[in-house]
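S.K.: Fold the following, please.
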Amino acid sequence: MARFLRPLLSGTTYTRLLHLWVPMLVVSVWLYILPGAPWVPALFLIPLGFVPAVRRGEGVQARLLLTPGEAAPGISETPSATWRDRLRTVLWLELRMLLGGATVFGMVWLPVTSFELARCAGGRAPSGVPLLDRLPPNPAWALLAPLPLLVLYGVVVGLGELVTSGARRLLGPSAAERLAALEERTEQLLERTRIARELHDSIGHALTVAVVQAGAARAADDPEFTDRALGAIEETGRAALEDLERVLGVLRETERPVSARPTLADAGRLLESARASGAKVDAEVTGPVEAVPGPVSREGYRILQEALTNVLRHAGAVPVRVRVAVGDGRLALEVRNPLPGAIPGPGRGSGLRGIRERAALLGGSALTGPDEGDWRVRAELPLG
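M.R.: Numbers count the residues shown, from 1 in each chain. The predicted model follows:
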């Protein structure tokens, strides 16, 4: 019994009822002026539904009154963009008026019917209500008196559910809106992935350099080398802090202009950082690196950064060959170093996976693994 009465204790039931009553106010005024033309308001809704802004207004009303408190009610609040949206709006307006009329009729006449049945059961003659004025007084009518109230319960609750279902179908997002929402969600996920990858590359590189430099300084026991190591740690740490502050700024304020991310034009600091860590870096750059498009240049910088970080982390202070070539519509990056004692598998580590993901997102490719006695990271990115 408590479950049966629960909808009557919910505020949503009555906000839906209010939503059904609103258009009936306009109809009531019209019927008061011209009682002989009840079909005119329904006819007027047809051109009204073709106005793009009407869909937005109906969507806002439906969200507030039919689905209050729901995070994702499946009801759009955007104007009509296509003729299909306009036709759906027209159908929605007609459905809303039809259900509103049924609600008003039921809420007026069902309680009256129950009252008249109770009167007849008590021995009193009906009061002239149509269809009930011929009922003879009889105590048996008391058994039927609660029935109209049960029907009224179905009208109040059932029509509210029906109009909500109709709103989700007729005012719900169109195929174009669902596609736009999916694209926006995809962009958000890609942005989160990019931020996580940037933090991994930048902070991971800085920590690797700091650990390698500190370990080398302690093993060398040379004040001059220790000063150089501390300077390299400081420089790398400052760069990592700048990257961290920029990324956190993006997370805090999505509308805030983002400072330029490092590009291949800034690759010199990566090479100097690796040299300061003890690695013997042999770098060769060919082609107009400054002319590489921004997205390709930024991702190329991160790929180079991760490759050098892996060298320092897994191989230590070893000779490293870096080749950067721009030409034939592509950017080619290659980092080679002697194989360490333990050869990492080709699929291990989020860093190597991140390199391949970065290349794939730009339509390029990346290869990582042993090659002719060296560990090689090679990436090719299209410039177009």
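
S.K.: Check which helices and strands the helix or strand harbouring residue 93 sits against.
M.R.: If you go by DSSP states H and E, residue 93 is part of helix 83-121. Under the contact definition 3 or more C-beta pairs under 8 Å, 6 or more residues apart in numbering; DSSP states H and E, helix 83-121 sits against helix 11-33, helix 40-49, helix 52-65, helix 146-170. Bear in mind the C-beta positions are built from the backbone N, C-alpha and C, glycine included.

S.K.: That helix - what's its average pLDDT?
M.R.: The pLDDT scores in helix 83-121 average 89.

S.K.: can you give me the angle it makes with helix 40-49?
M.R.: 150 degrees (axes from the mean of the first three to the mean of the last three C-alpha atoms, to 10 degrees).

S.K.: buried set for helix 83-121?
M.R.: By neighbour count on 16 or more other C-beta atoms under 10 Å, the buried set for helix 83-121 is 85-86, 88-90, 92-97, 99-101, 103-104, 106-107, 109-110, 113-117, 119-121.

S.K.: now for the helices and strands packed on helix 83-121, which one comes closest to residue 304?
M.R.: Distance to residue 304, taken as C-beta to C-beta, is lowest for helix 52-65 among the helices and strands packed on helix 83-121, at 49.1 Å.

S.K.: quick one: contacts of that closest one?
M.R.: For helix 52-65, contacts defined as C-beta atoms under 8 Å, 6 or more residues apart in numbering pick out 15-16, 18-19, 22, 48, 70, 73, 75-81, 85-86, 88-89, 92-93, 96, 164, 167, 171.

S.K.: so where's the stretch 51-200 of the chain shaky on pLDDT?
M.R.: For the stretch 51-200 of the chain, the stretches flagged by pLDDT under 70 are 125-133, 179-191, 193-194, 197-198.

S.K.: switch the cut-off to 90
M.R.: 68-74, 76-78, 80-84, 101, 104-145, 154-156, 172-200 (pLDDT under 90).

S.K.: Tell me if residue 367 really is in a strand.
M.R.: Yes. Assessed with DSSP: H, G, I helix; E, B strand; the rest coil, residue 367 lies in a strand.

S.K.: For it, give me its contacts.
M.R.: So residue 367 contacts 376, 377, 378, 379 (C-beta under 8 Å, 6+ apart).

S.K.: is it true that the first one lies in a helix?
M.R.: Yep, that's residue 376 we're talking about. No. According to three-state DSSP, residue 376 belongs to no helix; its state is strand.

S.K.: of the contacts of residue 367, closest to residue 262?
M.R.: Among the contacts of residue 367, and counting by C-beta to C-beta, the member closest to residue 262 is residue 379, at 16.6 Å.

S.K.: Of the helices and strands packed on helix 83-121, give the one that comes closest to residue 333.
M.R.: Going by C-beta to C-beta, the one of the helices and strands packed on helix 83-121 nearest residue 333 is helix 52-65, 49.6 Å.

S.K.: Considering the contacts of residue 367, which possesses the most neighbours?
M.R.: residue 377 (26 neighbours; other C-beta atoms under 10 Å).

S.K.: I'd like the distance between residue 279 and residue 73.
M.R.: In this view, residue 279 and residue 73 are 58 Å apart by C-beta to C-beta, to the nearest Å.

S.K.: Comparing the two, which residue is more hemmed in?
M.R.: residue 279 (21 against 18).

S.K.: Pretty sure that one sits against residue 322.
M.R.: No. In this structure, residue 279 is not within contact of residue 322 by C-beta atoms under 8 Å, at 10.2 Å.

S.K.: Overlap in contacts, the two.
M.R.: In contact with both residue 279 and residue 322: residue 308, using C-beta under 8 Å, 6+ apart.

S.K.: can I assume residue 204 sits in a helix?
M.R.: Yes. Residue 204 forms part of a helix when assessed by three-state DSSP.

S.K.: could you measure it against residue 243, distance?
M.R.: In terms of C-beta to C-beta, residue 204 sits 11 Å off from residue 243.

S.K.: do residue 62 as well
M.R.: 46 Å.

S.K.: okay, the two: which has more neighbours?
M.R.: Set residue 62 next to residue 243 and count neighbours by other C-beta under 10 Å: residue 62 wins out with 26 against 19.
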